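[1] Need the 3D shape of this:
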Amino acid sequence: MAIDTGIAYFVRNRRPDVVRADLKEIKAAGSSYVVHFFTEFDQVFFKQSVAEIVQATKEAGLRVYIDPWSVGGFICTKYTLFPLDHPEACQVWSDGKPLMQACPNHPAFRDHMRRWLDDVVAIGGQVVFWDEPHLALEKNEAGEAVRWACRCERCQELFTKRYGKAMPVELTTDVIAFRQEMLVSFFDWVTQEAKGRGLENCICLLPREQGEDGFGDWSKVAALPAVDIFGTDPYWYSRDVDLDGYVRRFSEKTVSLAHRYGKTPQIWLQGFRVPRGLEGQIEQAARIACEAGVTNLAVWVDKYGTGDNNRSDDPEAVWEVTQRLFRSLRA
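    A predicted model of the protein is given here:
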């Protein structure tokens, strides 16, 4: 069974010759694709630089995934430039306070995403990697929801139209369902926009199954017609979980849904925040995922950029394990 293997590359402070050497090493390690990040900041200030990195990636014989890291503030992380120009299109907390993240229901943000996708095509991207989309939710120490988003005027109007009543302040069953529906609707739209530009779509859900935390019904995302690759990232280091059971459960769930809807199943493995001496768990998790039927496997290694707060105790040891794993899978 052929396995596609990938690495996230989030590096901006390297010379072009060093970037090419990195990509050569990644290719030699057995990787078949690289995920590059194209933030709003990159879009404004470093579009040409990212385009050059993308071209170098293709020249190295690697497929190019583009990650909209932080775009809008709800795709993976909350840091975004969009609210500076469009405060009217931001999410609103359930207590009425503004949130500096884009509302996926607002037309201004959809226009913003069209421009971003146009630039993805311009820089030479091939696959859009929709990275951990989620809406804001705050919990107290007891794990109870304190406030949630989005309760902007537009979302309230859409909720009333859908349910025939005013949108409550509490996180009710209907609100939980609406929050998921708005994300599913957005990704149905934006993945078709990407597909219309000749791009493929890969979506990675957070490994959460409670409706209030994320997508309670993963099948609604897996079923989206323009999604090509469907996956999740069951990271286990620093979590009180059994590695085998945790990775197996989410791998089997991903594979089952991917096969049901004709998608390629993808699992991301954790190659950051790795305690010294436990690097081999990456290979253990990979075996579990492959046994479940995963055919697209990626590792986020801190050698190629995860931020200082995500450093492993021994990044080189993590990379050595990852190279050994990829070579065995691609042999």
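[2] From now on I want contacts and neighbour counts done on CA atoms only, so please keep to that.
    Will do.
[3] which other helices and strands contact the lowest-mean-pLDDT helix or strand in the chain?
    Using mean pLDDT, DSSP states H and E, the weakest-scoring helix or strand in the chain turns out to be helix 82-85, at a mean of 87. Under the contact definition 3 or more Cα pairs under 8 Å, 6 or more residues apart in numbering; DSSP states H and E, helix 82-85 sits against strand 98-102.
[4] Endpoint to endpoint, stretch 195-205 covers what distance?
    Counting by Cα to Cα, to the nearest Å, you get 19 Å between the two ends of stretch 195-205.
[5] And residue 198, what's its pLDDT?
    pLDDT, residue 198: 98.
[6] Near it, how many other residues are there?
    13 (other Cα atoms under 10 Å).
[7] Quick check: it vs residue 124, distance?
    From residue 198 to residue 124 the distance is 11 Å (Cα to Cα).
[8] Identify the contacts common to those two.
    Common neighbours of residue 198 and residue 124, counting by Cα atoms under 8 Å, 6 or more residues apart in numbering, are absent.
[9] quick one on the thing from earlier: in the least confident helix or strand of the chain, what's buried?
    82, 83 (16 or more other Cα atoms under 10 Å).
[10] What are the contacting residues of the next helix or strand along the chain from it?
    Sequence order places strand 90-92 as the next helix or strand after helix 82-85, per DSSP states H and E. The contact list for strand 90-92, computed with Cα under 8 Å, 6+ apart, reads 83, 98, 99, 100, 101, 102, 103, 149, 150, 151, 152.
[11] just stretch 63-71 next, same as before
    32-40, 54, 57-58, 75-82, 120, 125-131.
[12] rerun that using 6 Å as the cut-off
    Stretch 63-71 has contacts (Cα atoms under 6 Å, 6 or more residues apart in numbering) with 33-39, 76-80, 125-129.
[13] Give me the mean pLDDT for that stretch.
    Regarding stretch 63-71, the rounded mean pLDDT is 95.
[14] And the furthest pair within the contacts of strand 90-92?
    With Cα to Cα as the measure, no two of the contacts of strand 90-92 lie farther apart than 83 and 151, at 16.1 Å.
[15] With distance to residue 306 as new columns, can the contacts of strand 90-92 be given to me in TSV?
    Below are those laid out as TSV (distance: Cα to Cα, whole Å):
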residue	distance to residue 306
83	25
98	29
99	25
100	23
101	22
102	24
103	27
149	27
150	29
151	32
152	33
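[16] Please identify which of these is nearest to residue 271.
    Using Cα to Cα, residue 101 comes nearest to residue 271 of the contacts of strand 90-92, at 28.3 Å.
[17] isn't that closest one right up against residue 73?
    Yes: if you go by Cα atoms under 6 Å, residue 101 and residue 73 touch, sitting 4.7 Å apart.
[18] So what's the gap between whichever strand in the chain runs longest and the chain middle?
    Counting residues, the longest strand in the chain under DSSP state E turns out to be strand 264-271. Between the centre of strand 264-271 and the centre of its chain there are 11 Å (Cα atoms, centre = their mean, to the nearest Å).
[19] Could you list the residues in contact with it?
    Where contact means Cα under 6 Å, 6+ apart, the residues beyond strand 264-271 that reach it are 229-233, 235, 255, 258, 294-301.
[20] Neighbours of residue 287, how many?
    18.
[21] Are we agreed that it is in a helix?
    Yes: counting by DSSP: H, G, I helix; E, B strand; the rest coil, residue 287 falls inside a helix.
[22] Quick check: pLDDT value at it.
    97.
[23] do you know how far it is from residue 247?
    10 Å.
[24] what residues are shared contacts of those two?
    Both residue 287 and residue 247 lack any common contact, where contact means Cα under 6 Å, 6+ apart.
[25] Where do the helices of this structure begin and end?
    Counting by DSSP state H, the chain has helices at residues 16-28, 40-45, 47-59, 82-85, 107-123, 153-163, 173-196, 219-222, 243-261, 281-292, 315-330.
[26] got those helices as JSON lines, with distance to residue 91 columns?
    Listed next are the helices of the chain as JSON lines, based on distance: least, Cα to Cα, whole Å:
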{"stretch": "helix 16-28", "distance to residue 91": "37"}
{"stretch": "helix 40-45", "distance to residue 91": "18"}
{"stretch": "helix 47-59", "distance to residue 91": "27"}
{"stretch": "helix 82-85", "distance to residue 91": "9"}
{"stretch": "helix 107-123", "distance to residue 91": "11"}
{"stretch": "helix 153-163", "distance to residue 91": "9"}
{"stretch": "helix 173-196", "distance to residue 91": "12"}
{"stretch": "helix 219-222", "distance to residue 91": "22"}
{"stretch": "helix 243-261", "distance to residue 91": "30"}
{"stretch": "helix 281-292", "distance to residue 91": "36"}
{"stretch": "helix 315-330", "distance to residue 91": "37"}
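[27] out of these, nearest to residue 144?
    Among these, helix 173-196 sits nearest to residue 144 (Cα to Cα), with 13.8 Å.
[28] what about the residue nearest to residue 55 when sequence neighbours are not counted, neighbour count?
    Leaving aside its sequence neighbours, residue 55 sits nearest to residue 124 (Cα to Cα, 6 or more residues apart in numbering; 7.1 Å). For residue 124, the neighbour count with other Cα under 10 Å is 19.
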